[in-house]
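**Student:** This is a predicted model, with the sequence first.
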Amino acid sequence: MRSCSPTLSPLLGALLCAVGASAAPLPPDASYRPLPAAPFDQVKADDEAQKTEVMQRQRNLLEERFDLSDQPIPNILMSGGRKPVQGGVRVKLPTGLSWDSLANMSPDEIRERGVLPKGLMPLPHVKQATGGQVFPDEEIDEIARQEQRNLRRFDVDFDLPDQFTPEFPAPIFLTTHPELGDVSRGQLVTIKNYYELFVGILTPVQLEGMRLLLTPFPQEEFNQTEDRKSADQSLGVACLDCHANFHTNGAFHQTPDVRPQAARFRLDTVSLRGLFNQQIHGSKRSLRSVEDFTQFEQRTAYFNGDQVSAQRKGVNLPNRFDQVPMMAQMQNIIDFPPAPKLDPTGHLNPAKATPEELAGEQVFMGKGRCSSCHIPETAFMDNNMHDLQLERFYKVGQTQNGLVMLPDGPIKTLTLRGIKDSPPYLHDGRLLTLADTVEYFNLVLGLKLSQPEKDNLVAYLLTL
Amino acid sequence: MTRSIWIWLGALPAFACASLAQNADQGKPAPGNPAGSPADTREVAPGVPALGQANVADRAFIRAATLGGRAEVQFGKLAETKASSEAVKNFGRQMARDHGAATDRLFSLAGRLSVALPPDQLDPEHKILRSRLDAEDGIKFNKDYIDAQIGDHQKTAQLFEYEIGSGQDAQLKAFASDQLPVIFEHLRMARVLSDALAIQMMAAASPPQK
């Protein structure tokens, strides 16, 4: 680094010195993905040998944070009728404390004493330093069966127990055909079956959009270069590999919008149902249309925010005025599942709802303050981002399983329509059940709900 | 009193860790991406580098953290003597102590890793800052020192997160994890001070009402 020359005139010297000639920047690979430092066969051997320990370490973290037992709610199934909904609060409490005693402490006291339940804190990726897309076994197995394409990584597997993910395959409801109901015929839609399933139901534009959404393209971990976590040189990943059947299969990734690597929070796949009413897309960036989102995610090797790395691996650039709108047209006709107890304005029909559900709606609209952001009339969204400021309750900067606990910042309000179909909850999937979600907001918003109020709120949420 | 502050701050990571300590894994850093370790890295188990080896990220971290830490100590001592406000003097004293202790620990880790430290002089950016602060006093000095501290702690926080995510040596990564909450606390203190100093400057600049 050149030092500022003493022979320059003071003013000129000061100008040169002030602007960049002297700055000491952070290392470039704090932002830009570095090339691998070791050959592929060695990295793969190391990753494979470490995999058991990596999975066990994440399992230990999950068991420390949550009760992972199988506790289905009786008489409730997800909208496809294939999977129960898990009930009960799963976040474990620190010794000697109850949810009520926590609710009566101030955020400062909880933070100073370090007693915020760990299950409410940001949830690490199964291997934070590597990150990347991780698919559940159901998806891996079905894609292998239909397409002979391998979505398994050699370094990590999916970490959450199966009962906490959405039903698979998920039902598909079309806004263009409410009379038909679930058009999936119980199948996972892939490039191998979409045409025979949907010709005659969809338009040519929608069929082409679907085809593109089902076509694999190179991605950060699934590609043909040596910088990959797939055993074979992979064709890549398709949009619907995570957004299976236009819903979510629980696959997770990391936010593209943060660096360095240790600061990148986990992202649970969001459902594509109801996109037609959403005005912002992406948890933090508030992309204004699904066209923008579709195009942009192709540009950056799927969710990594690094167009340089994507370029090296073979970026797909669907054209903005032809292919992208068709993909968007298909995404924009995916409906929420039926909610027979709701009237057209998004409120419970008293003739169809139970007393508990109606009481829950009262909490939702009143003491719970849920409807401030989750507005029933607009699909339980407000098309805004909000900062819940959970960092009031914990000391920023601790590291857990490689993830630094940082403030989440403003995150998009997510819809609650069909919410029982898409566990786990929150942008990173840290809340396993709806009961956990109620406890979280009870603390974060200082609501001091009673147990009957909490139970009724859950009953109400199950009707949406 | 200053000694007990130092002890309290030194124990801060321990307090933070104690409440998380039920999971024994949290004592050791999370596994890294093997793609970040050079081909000739010695391993104690597959994918687990033996201690005492620094990868590129470790080396960049040691260099930047050493330069930054030394600057913190030097500027902290300058503020302790020269600041015109007790709050800024105390802040400077705390920076000199905290960063002095941390830098000592970093030096011994670097020695074990056989990584040479950069020469003991200010980097160009901090040289310029030093000459500017030397020419200032009173509230202007206070504000410029604290504002520079905000920028320095922001960069330091990112640098330590970089080491946690990309570093290879387990002890260096653990050091970074331990120190990071302290860095964020310093940043918080500096931001609070900066806001208060801005109000003071405004009050000092407006003429008194007659």
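**Tutor:** Arrived safely. Numbers count the residues shown, from 1 in each chain, chains lettered A, B, ... in the order given.
**Student:** so how many other residues sit close to A:Arg312?
**Tutor:** Using other Cβ atoms under 10 Å in any protein chain shown, A:Arg312 is surrounded by 15 other residues. Glycine gets a C-beta too; all of them are placed from N, C-alpha and C.
**Student:** Need the residues that contact the strand or helix carrying it.
**Tutor:** Assigned by DSSP states H and E, A:Arg312 belongs to helix A:307-313. Helix A:307-313 is contacted from outside by A:32-33, A:218-220, A:223-225, A:227, A:299-301, A:304, A:315, using Cβ atoms under 8 Å, 6 or more residues apart in numbering or on different chains.
**Student:** next helix or strand past the helix or strand of chain B with the lowest mean pLDDT?
**Tutor:** Lowest mean confidence among the helices and strands of chain B (mean pLDDT, DSSP states H and E): helix B:2-18, at a mean of 42. For helix B:2-18, the succeeding helix or strand toward the C-terminus, using DSSP H and E, is strand B:43-45.
**Student:** re the thing from before, how about the helix holding A:Arg312 as CSV, C-alpha atoms only?
**Tutor:** Provided in CSV are the C-alpha atoms of helix A:307-313 (Å, rounded to 0.1, in the frame of the first residue of the first chain):
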residue,chain,number,x,y,z
GLN,A,307,-23.3,-13.3,-9.4
VAL,A,308,-19.5,-13.9,-9.9
SER,A,309,-19.7,-17.5,-8.6
ALA,A,310,-22.9,-18.1,-10.6
GLN,A,311,-21.2,-17.0,-13.8
ARG,A,312,-18.4,-19.5,-13.2
LYS,A,313,-20.8,-22.4,-12.7
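**Student:** Check the average confidence over the helix or strand hosting B:Ala174, would you?
**Tutor:** Counting by DSSP H and E, the element that carries B:Ala174 is helix B:170-205. Computed over helix B:170-205, the mean pLDDT rounds to 96.
**Student:** try stretch A:452-464
**Tutor:** 98.
**Student:** Contacts made by that stretch with the rest, please.
**Tutor:** Applying Cβ under 8 Å, 6+ apart, the external contacts of stretch A:452-464 come out as A:73, A:76, A:85, A:87, A:339, A:341-342, A:348, A:353-354, A:356-364, A:367-368, A:370, A:380, A:416-420, A:434-435, A:437-439, A:442, A:449.
**Student:** Now do the same for the spatially closest residue to B:Asp152 that is not a sequence neighbour: its pLDDT.
**Tutor:** Distance criterion Cβ to Cβ, 6 or more residues apart in numbering or on different chains; nearest residue to B:Asp152, sequence neighbours excluded, is B:Gly68 at 6.5 Å. Reported pLDDT at B:Gly68 in the predicted model: 96.
**Student:** tell me the pLDDT at A:Arg57?
**Tutor:** 97.
**Student:** Okay, buried residues for the biggest helix by length in chain A please.
**Tutor:** Ranked by residue count and defined by DSSP state H, the top helix of chain A is helix A:40-65. For helix A:40-65, a neighbour-count test (16 or more other Cβ atoms under 10 Å in any protein chain shown) marks A:42-47, A:50-51, A:54-55, A:57-58, A:60-62, A:64-65 as buried.
**Student:** Which neighbouring elements make contact with it?
**Tutor:** strand B:43-45 (3 or more Cβ pairs under 8 Å, 6 or more residues apart in numbering or on different chains; DSSP states H and E).
**Student:** got the residues of the stretch 301-450 of chain A near chain B?
**Tutor:** Applying Cβ under 8 Å from any Cβ of the partner chain, one finds that the stretch 301-450 of chain A approaches chain B through A:Lys395, A:Val396, A:Gly397, A:Gln398, A:Thr399, A:Gln400, A:Asn401, A:Gly402, A:Val404.
**Student:** Going by distance to A:Gln261, which of these wins?
**Tutor:** Of all those, A:Gln261 sits closest to A:Gly402, with 8.5 Å by Cβ to Cβ.
**Student:** quick one: buried residues of stretch A:367-387?
**Tutor:** By neighbour count with 16+ other Cβ under 10 Å, stretch A:367-387 contains the buried residues A:Gly368, A:Cys370, A:Ser371, A:Cys373, A:His374, A:Ile375, A:Pro376, A:Ala379, A:Phe380, A:Met381, A:Asp382, A:Met385.
**Student:** mind putting those in TSV, distance to A:Asp268 included?
**Tutor:** Output for those, formatted as TSV (distance: Cβ to Cβ, whole Å):
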residue	distance to A:Asp268
A:Gly368	23
A:Cys370	20
A:Ser371	23
A:Cys373	18
A:His374	18
A:Ile375	22
A:Pro376	24
A:Ala379	19
A:Phe380	18
A:Met381	17
A:Asp382	20
A:Met385	17
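**Student:** I'd like these written out as CSV, with secondary structure and pLDDT added.
**Tutor:** Shown next, in CSV, are these (DSSP: H, G, I helix; E, B strand; the rest coil; pLDDT from 0 to 100):
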residue, secondary structure, pLDDT
A:Gly368, coil, 97
A:Cys370, helix, 98
A:Ser371, helix, 98
A:Cys373, coil, 98
A:His374, coil, 98
A:Ile375, coil, 98
A:Pro376, helix, 98
A:Ala379, coil, 96
A:Phe380, coil, 97
A:Met381, coil, 96
A:Asp382, coil, 96
A:Met385, strand, 94
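**Student:** how close does A:Glu391 sit to B:Asp152?
**Tutor:** 22 Å (Cβ to Cβ, to the nearest Å).
**Student:** Kindly report the same for A:Ala328.
**Tutor:** Distance from A:Ala328 to B:Asp152, by Cβ to Cβ: 45 Å.
**Student:** higher neighbour count, those two?
**Tutor:** Legend: neighbour count by other Cβ under 10 Å for A:Ala328 and B:Asp152, higher for B:Asp152 (23 against 20).
**Student:** Now name the helix or strand holding that one.
**Tutor:** Per DSSP H and E, B:Asp152 falls inside helix B:138-166.
**Student:** And that helix, what's buried?
**Tutor:** Buried residues in helix B:138-166, counted by 16+ other Cβ under 10 Å: B:139-143, B:145-150, B:152-153, B:155-166.
**Student:** next one: that helix to chain centre, how far?
**Tutor:** Computed by Cα atoms, centre = their mean, to the nearest Å, the separation of helix B:138-166 from the middle of its chain amounts to 8 Å.
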